[in-house]
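> could you work out the structure for the sequence below:
(2 chains)
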There are 2 protein chains.
Amino acid sequence: MTEKVRLAPVGLGRWARVLARAARRGDLIDLYSCYSRSRESRRAFQDEFSIPRSAGSYDELLADPEIDGVVITTPNDTHRQLITQALDAGKAVYTDKPIAQTLEDALSVKAAVERTGGVFAVGHSARRLSGCRTMKKWIDEGRVGGVSMIEANFSNERGLELTPDTWRWYLSKTPGGPLIQLGVHHADNLQYLLGPVATVSAQTRKIFTKAEVPDATMTILEFESGALGYLGCGWASPGIYQIRLQGTKQNLIYDLDFTHWDESHEADKYSTLVSQAYGEQERAPVELPPTDMFREQLEEFALAAIGRATVEVQVDDAIRALAIVHTAIESDRRGGAAVEVAPYLDAVGVQPSAGAGE
Amino acid sequence: MTEKVRLAPVGLGRWARVLARAARRGDLIDLYSCYSRSRESRRAFQDEFSIPRSAGSYDELLADPEIDGVVITTPNDTHRQLITQALDAGKAVYTDKPIAQTLEDALSVKAAVERTGGVFAVGHSARRLSGCRTMKKWIDEGRVGGVSMIEANFSNERGLELTPDTWRWYLSKTPGGPLIQLGVHHADNLQYLLGPVATVSAQTRKIFTKAEVPDATMTILEFESGALGYLGCGWASPGIYQIRLQGTKQNLIYDLDFTHWDESHEADKYSTLVSQAYGEQERAPVELPPTDMFREQLEEFALAAIGRATVEVQVDDAIRALAIVHTAIESDRRGGAAVEVAPYLDAVGVQPSAGAGE
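I've put the predicted structure just below:
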């Protein structure tokens, strides 16, 4: 058996627990140390996951030669500093999405990746869900025909429950609200499925939430292929996770019950993908082979950290997803006029081509 | 029993047949005469529906004192002339949606309605579907809570099948393509559900159709209530008819198999409305009381023609729906920037208030 890869969670909240449980479903990852600013959090996390050690400071964690990589799940606006510091310390870095708060921050991350040649992965796990993988397969195999429209929605009730003691309350820490927290997943999914987005038009509104952030956002994407995409993200309703694709031969409708999202080995069971063929209104269920997005992504990262795999979603794909969020915010600021994505990518040295689904 | 109301179909194509069958499901309407430019069409239609007479010209039809009203199903760009002429001849007029091709044409229609005081109805029948009526009821009763987002899609494969001998091929006759032919239904439905739209942003693209018209259109609506709406209309995929509403207490998802649209007494059976409550991912089916949109609408019109009912969708509501289409086209022309609806309504003397669902 391969020797285990030693990883250390950084930021020990709910999401670190989801990822730790995912890592524990396999034999590859050894959760060897951990770090959070709070001593109590460290102790609780160590106890819960039987982690042998923890670090009293981030510097101390990064100085530990036994650690192969860190798994960052801290607030968005801390990503840049934590990622670049870890890369400079020679650690492989996995960060939760979005790659960073701003495109400027993302540029620093990209520079650090290039400077250090380090292994870097971003948790755009949603493309690994069986429904998304299957849609991609059907597109690539020509089974859906030409795609003219794709619609996605990722919404939940978060905005109705936010309180001022959480960072998501503040616009400065969560620009776009549900767009950066939820929408960035679909920004990756949709480009994974249909290739790069050329222009973005968006409207965002704060309607029912007491927080500073918007709770209703709608974005229209024009893909370089010519297809149009819609991305709806709200924070003021019961939860929705859907992707609906309109092809000349088939429609595909993907619907996920994301209350099972955290236990990603179960998520596919609570998903449906149905196809609707040309000339037919009847829909046929499409079988979804089981996946485990968080485990797969962490194991890919762990193998990459020891030179035995390549990370699927690296810095450029993650920046392409973040660019959709920020061009949407800019479009909203301009009253909904379409904003070109390319100049934003150029500014951070990223090519528009995602190398996907033309 | 009430004496039957004598109506005459004008334009004797597929849609006239759908409406004639709907009228025949009741006892109120007597299809008494009919008119089309083609003598063969008139004869075939008379035979099919045992209609006692037909007119050799539109003037002749309108001069027939036995006829209470006309039912117009001709191409959009003929509506203005046919409607105004019939109103001036003292006939009640039912026209298929859209009310007219352009807002200028709609203004002429409105002027004729006001000048003559005639009975005028527009076939915005879709709001009468049980799913739409039930959504409206739930909104009005406060069961969905505050609505932040609503999404609608009406698409089909028409654009892949168009040929140059059909008027829908041409942009001059079908501006916006699926937006004016399909989307105008949802433009009425969504304003029926959530009240007037303040601004419209849209993107339209011609991707797979050989015709002049676009086959992919996406529109974002900002309602005066603050809610955001999305309207997707394509002509290059298998058929879709959906309305998805996001409320603080409930989501409602309405999905209609519109292959049964024509036989509107059956349509509700092939529809589903499901609710999803706050904090729940599980969805519950909502019972849909049976409706028959075309029959109900024609019978309401027939009764109005003899002074015994009021038409639900009159000239102003129909213009409000058409205004969404034309502001969307204008927004697309301006690169997707939000266009205010009010000036377009002002120009034709219509108040923005739909008197609906605040």
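> would the helix or strand encompassing A:W138 count as contacting chain B?
If you go by DSSP states H and E, A:W138 is part of helix A:130-140. No: counting by CB under 8 Å from any CB of the partner chain, chain B is not contacted by helix A:130-140; separation bottoms out at 13.4 Å. Heads up, the C-betas are built off the backbone N, CA and C, glycines and all.
> list the contacts of that helix.
For helix A:130-140, the external contacting residues (CB atoms under 8 Å, 6 or more residues apart in numbering or on different chains) are A:126-127, A:144, A:147, A:189, A:192-194, A:243, A:245, A:247, A:250, A:252, A:254, A:256, A:268, A:271-273, A:275, A:286, A:288-291, A:357.
> and it, what's buried?
Buried residues in helix A:130-140, defined by neighbour count with 16 or more other CB atoms under 10 Å in any protein chain shown: A:S130, A:G131, A:C132, A:R133, A:T134, A:M135, A:K136, A:W138, A:I139.
> ok, A:G279 touching B:T259?
No: in terms of CB atoms under 8 Å, A:G279 does not count as a neighbour of B:T259; the distance is 9.6 Å.
> who's more crowded, those two?
B:T259 (17 against 11; other CB atoms under 10 Å in any protein chain shown).
> got the phi/psi numbers for the closest residue to that one other than its chain neighbours?
Of all residues not flanking B:T259 in the chain, A:Q281 sits nearest, at 4.3 Å (CB to CB, 6 or more residues apart in numbering or on different chains). For A:Q281, the backbone dihedrals (degrees, to the nearest 10) come out as phi -100, psi -30.
> quick one: contacts for A:Q281?
A:Q281 neighbours (CB under 8 Å, 6+ apart): B:P238, B:G239, B:D257, B:F258, B:T259.
> doesn't A:I243 belong to a helix?
No: counting by DSSP: H, G, I helix; E, B strand; the rest coil, one finds A:I243 to be strand, located in no helix.
> sorry, back to before: so which of the contacts of helix A:130-140 sit within helices?
Using DSSP state H, the members of the contacts of helix A:130-140 that fall in helices are A:N189, A:Y192, A:L193, A:L194.
> what's the offset of the helix or strand harbouring A:R17 from the middle of its chain?
Counting by DSSP H and E, the element that carries A:R17 is helix A:14-24. How far helix A:14-24 lies from its chain's middle: 15 Å, per CA atoms, centre = their mean, to the nearest Å.
> quick one: mean pLDDT over it.
The average of the pLDDT scores along helix A:14-24 is 98.
> can I get that helix in CSV, CA atoms only?
Below are the C-alpha coordinates for helix A:14-24, written out as CSV (Å, rounded to 0.1, in the frame of the first residue of the first chain):
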residue,chain,number,x,y,z
ARG,A,14,-18.1,23.1,9.5
TRP,A,15,-16.5,22.8,6.1
ALA,A,16,-13.2,21.4,7.5
ARG,A,17,-15.3,18.6,9.1
VAL,A,18,-17.1,17.8,5.8
LEU,A,19,-13.7,17.4,4.1
ALA,A,20,-12.1,15.5,7.0
ARG,A,21,-15.0,13.0,6.8
ALA,A,22,-14.5,12.7,3.1
ALA,A,23,-10.7,12.1,3.5
ARG,A,24,-11.5,9.4,6.1
